[in-house]
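1. Generate a structure from the sequence data that follows.
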Amino acid sequence: MHERPVLLALLALSLALALAGLVVISILFLRQRRKLKSINQEDLPFNLGKLDLLYTLVDSMPDWIYIKDRESRFILANKHMASYHGIAGPEEMTGKTDFDYYPREIAEGFHNDEQMIMDSGKSIINQEEIVRDSKGNELILSTTKIPVKNKSGETVGIVGIGRDITRQKKDQIRLRELSMVASATENVVVTMDADGNFEWVNRGFEERYGTTLDEYVKKKGRNLRDNSSHELIDEILEEVIRTGKPYTYTSRTQDLDSKDAWYQTNITPILDEKGVVTSMFLIDSDITALKKADLQIKQQKYELESQRDLLKNLNASKDRLFSIIAHDLKNPFQAIIGFAELLKDQYNTLDQPQVNEYLACIYNSSTSAYDLLYNLLEWARAQTRSIRIRPQQLVVRKEVGEILDLLCAQSKNKEIALINDVEPDFHLLADVNMLHTILRNLVANAIKYTFEGGKITVSATRNEKHVEIHVSDTGLGMAEDKIKTLFSIDKAESTPGTSGETGTGLGLLVCYEFLAMNNGFMKVQSEPEKGSTFTISLPAEKE
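-> Take a look at the predicted model:
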């Protein structure tokens with residue numbers, strides 16, 4: 001009845017030797033039986049108590065531990081092995097064989113191995129065995145089986161230890177598959193330690209950088225902080241280590257042919273059971289083609305939006321043009337025709353002052369119609385880019401003087417002083433006809449919106465590259481929201497002048513177009529009731 005504790009003691013010794021890496025175990029059952037009979041009955045409880053403690057230790061181990069006799073029948077098994085087979089206690093396995101727990105083909109394999117061990121006296125060390133439980137779940141064991149011999153050297157059984165390595169084997173398979181994929185992929189795959197030092201790279205890395213890992217490390221360093229082109233790599237790596245979460249970023253660099261290339265990099269940390277980063281995987285994907293496609297799409301979008309805006313402006317220009325033709329250009333001719341008809345029908349009955357009044361109306365309407373038609377044609381030519389530009393060196397004071405002389409009559413009618421305050425040595429580069437058109441429109445507008453007895457001053461300033469001409473008046477002035485609409489064809493509207501003069505707002509649009517064609521621009525400063533200053537900037541003369 002005391003054979004089990006003795007066998008348990010032998011098993012504990014065998015297990016201790018096996019776990020220490022020793023694979024040679026010799027247990028003599030007959031000798032131990034004789035020793036058991038010779039034990040003093042008073043010492044037996046003490047010895048059995050120690051054996052029970054050892055048996056408890058064996059039962060608590062996760063490995064399968066068992067002893068079989070010469071016929072491969074179980075003499076002893078621990079609780080972990082019994083539990084796997086769905087047995088309440090390991091005692092129930094005593095006297096049974098593997099044929100009671102496994103399919104015949106598996107049991108025969110185990111039986112044949114064990115008989116070979118007992119016949120040859122040679123152990124099996126860390127042999128992988130596949131078993132299945134009652135539910136069909138597969139289990140992979142690393143099994144060590146050692147023959148047990150008696151005093152005469154006869155093999156009387158085996159001691160077996162089986163360790164569940166199912167998870168390790170599956171991890172090895174996944175790692176091998178991952179290694180195969182990593183080696184075959186065109187993407188760069190790098191394994192790093194917990195601090196970001198390169199440990200292994202795949203073939204994709206060597207092909208992209210044209211070098212081995214050792215050569216790469218010599219040139220750029222082993223740590224990702226040293227060899228990455230991303231300016232925030234220190235912060236990125238620290239965040240991965242701190243949070244234990246993957247991080248993806250995009251960087252731009254140059255390939256082996258010195259061409260721009262974009263890469264998307266993912267850093268994935270590997271954590272231990274405490275959540276501490278033990279290593280990291282880096283996968284670098286070439287997204288240059290996607291990036292170029294994205295840039296092309298954005299460019300196409302920009303071009304489509306530009307074309308849309310251009311079409312919108314063209315439609316607005318067309319609508320504005322039709323409005324001018326239908327209304328603003330028609331009104332002066334109606335006045336001309338009306339007063340001409342009065343003169344024709346009533347000339348003999350009209351006194352001289354009346355005739356002079358009608359003639360003045362016809363003249364003013366004709367002038368207004370001519371100015372409008374002239375601006376309309378010039379603006380249309382600017383839109384179609386059919387105007388030939390002939391830039392030349394011009395004396396600013398001289399050109400300003402010609403325009404002021406041309407508009408002197410209009411200013412005298414409102415008793416407005418025209419002042420040419422331009423220095424005589426200022427020169428600029430522009431098309432003379434276009435400059436005249438710009439100045440004529442600006443000064444005419446100033447006369448239109450200046451009260452009687454007011455003043456209009458034309459002055460100029462210069463720097464190394466530009467000359468600025470300022471047309472300042474003491475007239476009505478404008479609010480900021482009005483200034484914003486001056487150069488928009490679909491929003492430009494003319495405000496009546498101080499003497500009721502009408503207009504279309506087209507003149508400023510012509511100025512804007514002509515300035516652009518001469519590499520110039522315009523600025524406006526104005527305040528209601530205090531007047532306005534229109535400033536045009538044009539290139540200074542060539543050296």
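2. what's the nearest residue to residue 124 if we skip its chain neighbours?
-> residue 145 (4.7 Å; Cβ to Cβ, 6 or more residues apart in numbering). C-beta: built from backbone N, CA, C; applies to glycine.
3. Need the pLDDT of the one you found.
-> We have a pLDDT of 93 for residue 145.
4. What distance do you get for the nearest residue to residue 115 once chain neighbours are set aside to residue 191?
-> Spatial nearest neighbour of residue 115, excluding adjacent residues (Cβ to Cβ, 6+ apart): residue 72 at 7.0 Å. Distance, residue 72 to residue 191, by Cβ to Cβ, to the nearest Å: 46 Å.
5. which one of those two has more residues nearby?
-> Each of residue 72 and residue 191 has its neighbours counted (other Cβ atoms under 10 Å); residue 72 has more, 20 against 17.
6. List phi and psi for the more buried one.
-> With angles defined as degrees, to the nearest 10, residue 72 sits at phi 60, psi 30.
7. Residue 396 versus that one, what's the distance?
-> Residue 72 is 117 Å from residue 396, by Cβ to Cβ.
8. Just say helix, strand or coil for residue 251.
-> Using DSSP: H, G, I helix; E, B strand; the rest coil, the structure places residue 251 in strand.
9. Might you report the residue contacts of it?
-> Listed by Cβ atoms under 8 Å, 6 or more residues apart in numbering, the contact set of residue 251 reads 228, 229, 230, 262, 263, 265.
10. Return the set of residues that bridge with it.
-> As for beta bridges, residue 251 partners with residue 263 under DSSP bridges.
11. still on that earlier bit, host element of the residue nearest to residue 124?
-> strand 138-149 (DSSP states H and E).
12. Sheet partners, orientation included, of that strand?
-> When DSSP bridges is applied, strand 138-149 pairs with strand 124-132 (antiparallel), strand 155-164 (antiparallel).
13. in what helix or strand does the residue nearest to residue 246 when sequence neighbours are not counted lie?
-> Leaving out its chain neighbours, the residue that sits closest to residue 246 by Cβ to Cβ, 6+ apart is residue 268, at 4.5 Å. Per DSSP H and E: residue 268 is located in strand 260-271.
14. Run through who's touching that strand.
-> Counting by Cβ under 8 Å, 6+ apart, residues outside strand 260-271 touching it are 188, 230, 236-237, 240-241, 244-255, 277-288, 290-291.
15. Buried subset of the residues you listed as a PyMOL selection?
-> Buried residues among the contacts of strand 260-271 (16 or more other Cβ atoms under 10 Å), as a PyMOL selection:
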select buried, resi 188+230+236+237+240+241+247+251+277+279+280+281+282+283+284+285+286+287+291
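16. Spatially nearest residue to residue 65 (excluding sequence neighbours)?
-> Nearest residue to residue 65, sequence neighbours excluded (Cβ to Cβ, 6+ apart): residue 78, at 4.4 Å.
17. these two touch, right, that neighbour and residue 58?
-> Yes. Assessed by Cβ atoms under 8 Å, residue 78 is found in contact with residue 58 at 5.2 Å.
18. Between these two, which has more neighbouring residues?
-> Taking other Cβ under 10 Å, residue 78 and residue 58 do not tie; residue 78 has more neighbours (24 against 20).
19. List the residues that contact the more buried one.
-> With contact taken as Cβ under 8 Å, 6+ apart, residue 78 is in contact with 58, 59, 61, 63, 64, 65, 66, 90.
20. cool, residue 527 as well?
-> The neighbours of residue 527, taking Cβ under 8 Å, 6+ apart as the test, are 477, 478.
21. now it: how far from residue 482?
-> 11 Å.
22. Over to residue 131?
-> For residue 131, the distance to residue 482 - Cβ to Cβ - is 92 Å.
23. More neighbours: which of these two?
-> Neighbour count, other Cβ under 10 Å: between residue 131 and residue 482, residue 131 has more, with 23 against 15.
24. Wait, that one touches residue 103, no?
-> No. Counting by Cβ under 8 Å, residue 131 stays clear of residue 103, with 9.4 Å between them.
25. re earlier: so what's the residue count around the residue nearest to residue 246?
-> Residue 268 - counted by other Cβ under 10 Å - has 14 other residues nearby.
26. centre of the chain versus the strand holding residue 268, how much separation?
-> Chain-centre distance of strand 260-271: 13 Å, with Cα atoms, centre = their mean, to the nearest Å.
27. What residues of that strand count as buried?
-> Neighbour count says strand 260-271 has 261, 262, 263, 264, 265, 267, 269 buried, by 16+ other Cβ under 10 Å.
28. now swap in stretch 113-128 and tell me
-> Result for stretch 113-128 [16+ other Cβ under 10 Å]: buried residues 113, 114, 117, 118, 123, 124.
29. okay, now the domains of this structure?
-> 3-164, 170-286, 387-539 (automatic domain parsing).
30. To residue 352, which of these lies closest?
-> With Cβ to Cβ, the closest approach to residue 352 among the domains of the chain belongs to domain 387-539: 20.6 Å.
31. Any idea how far apart the tips of that closest one sit?
-> Using Cα to Cα, to the nearest Å, one end of domain 387-539 lies 19 Å from the other.
32. what does stretch 83-100 give?
-> First residue to last in stretch 83-100 (Cα to Cα) measures 15 Å.
33. Same question for stretch 466-486.
-> OK, stretch 466-486 end separation, Cα to Cα: 23 Å.
34. do stretch 444-463 as well
-> 27 Å.
35. buried set for that stretch?
-> Here stretch 444-463 shows 444-451, 454-460, 462 as buried, counting by 16+ other Cβ under 10 Å.
36. In the residues you listed, find the pair that's most separated.
-> 451 and 462 (31.1 Å).
37. Do a quick rundown of the strands in the stretch 251-400 of the chain.
-> Secondary structure of the stretch 251-400 of the chain by DSSP state E, counting those that start in this stretch: the strands cover 260-271, 277-286, 391-395.
38. Hey, what's the angle from the longest helix along the chain to strand 260-271? Just curious.
-> Ranked by residue count and defined by DSSP state H, the top helix of the chain is helix 288-323. Put simply, helix 288-323 runs at 130 degrees to strand 260-271, going by axes from the mean of the first three to the mean of the last three Cα atoms, to 10 degrees.
39. elements contacting helix 288-323?
-> strand 260-271, helix 352-383 (3 or more Cβ pairs under 8 Å, 6 or more residues apart in numbering; DSSP states H and E).
40. Quick one: closest of the ones you listed to residue 337.
-> helix 352-383 (9.2 Å).
41. if we can go back for a sec, is it possible to get JSON lines of the domains of the chain that adds distance to residue 347?
-> Formatted as JSON lines, the domains of the chain follow (distance: least, Cβ to Cβ, whole Å):
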{"stretch": "domain 3-164", "distance to residue 347": "122"}
{"stretch": "domain 170-286", "distance to residue 347": "82"}
{"stretch": "domain 387-539", "distance to residue 347": "26"}
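42. Highest mean neighbour count out of those domains?
-> Among the domains of the chain, domain 387-539 has the highest mean neighbour count (mean count of other Cβ atoms under 10 Å), at a mean of 17.
43. That domain - what's its average pLDDT?
-> Average pLDDT, domain 387-539: 88.
44. Can you give the distance of it from its chain's centre?
-> In this view, domain 387-539 has its centroid 49 Å away from the chain centroid, taken as Cα atoms, centre = their mean.
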